[in-house]
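# build the 3D model from these lines:
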Amino acid sequence: MSEVNAVPVKAAHPSLVRSLKTVAWSFIGIRSRAGFEDDAAKVNPLHVLLAGVITVLVLVVSLIGLATWVVGK
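Residues are numbered from 1 along each chain as shown. Reported below is the predicted structural model:
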């Protein structure tokens, strides 16, 4: 029987940056199934929740700022 020399893959630690990337991909709405499954296995749900809240707050504040600038108040 021959042995296959498998190179161990270093598991990525869940990080806030990876979660921000995952949330950004979800906001854009384009992501392959393999990418989604990879992200789902490597992110911390709490980080994704925090990244989502931060992203939504930035989006809302940006839209309010843009509307205020356009209206000229």
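
# count residues in the vicinity of Val60, would you?
10 (other Cβ atoms under 10 Å). Backbone N, C-alpha and C define where each C-beta goes, glycine included.

# quick one: secondary structure of it?
Going by DSSP: H, G, I helix; E, B strand; the rest coil, the secondary structure assigned to Val60 is helix.

# for Arg31, same thing?
Per three-state DSSP, the local secondary structure of Arg31 is coil.

# mind listing the helices for the chain?
Taking DSSP state H as the test, the helices found in the chain are 16-28, 33-42, 45-71.

# highest mean neighbour count out of those helices?
Ranked by average neighbour count under the criterion mean count of other Cβ atoms under 10 Å, those are headed by helix 16-28 at a mean of 16.

# the inter-axis angle of that one versus helix 33-42?
Orientation check (axes from the mean of the first three to the mean of the last three Cα atoms, to 10 degrees): helix 16-28 against helix 33-42 gives 140 degrees.

# which outside residues touch helix 16-28?
With Cβ atoms under 8 Å, 6 or more residues apart in numbering as the test, helix 16-28 has contacts from 12, 31, 35, 39, 42-44, 47-48, 50-52, 54-55.
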